[in-house]
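S.K.: Dropping a prediction and its sequence here:
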Amino acid sequence: MDHQTVNEMLDQLKNGERKEFTVSNDLFLTVREVLVKREDFKHFRGIARHEGHTVYRYMETARS
């Protein structure tokens, strides 16, 4: 998955087109690298799941 695809998926979360975005362990660092560069970084919540998967969701209120 390239950076453009990750940004598109994150934009879909932000726009309400998707409820969540699940990332496998092998893609985590790529997604994280893109995510931390975004201005709205603190609106995304990553929830760790079994077997190294992470589920990302977009929150209206930024975390502190």
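M.R.: Here it is on my side, so go on.
S.K.: Can you tell me what sits against the lengthiest helix in the chain?
M.R.: Criterion DSSP state H: the longest helix present in the chain is helix 3-14. Helix 3-14 has contacts (Cβ atoms under 8 Å, 6 or more residues apart in numbering) with 18-21, 30-31, 33-35, 38, 40, 43-44, 56-58. C-beta here means a position set from N, CA and C on the backbone, and glycine is covered the same way.
S.K.: Measure how far that helix is from the centre of its chain, please.
M.R.: Averaging C-alpha positions (Cα atoms, centre = their mean, to the nearest Å) puts helix 3-14 8 Å from its chain's average.
S.K.: Count the residues that sit near residue 18.
M.R.: Residue neighbour count, defined by other Cβ atoms under 10 Å, stands at 15 for residue 18.
S.K.: ok, and the closest non-adjacent residue to the spatially most central residue of the chain?
M.R.: Nearest to the mean C-alpha position of the chain, by Cα atoms, centre = their mean, lies residue 56 at 4.4 Å. In space, and not counting its chain neighbours, residue 56 is closest to residue 21: 4.5 Å by Cβ to Cβ, 6 or more residues apart in numbering.
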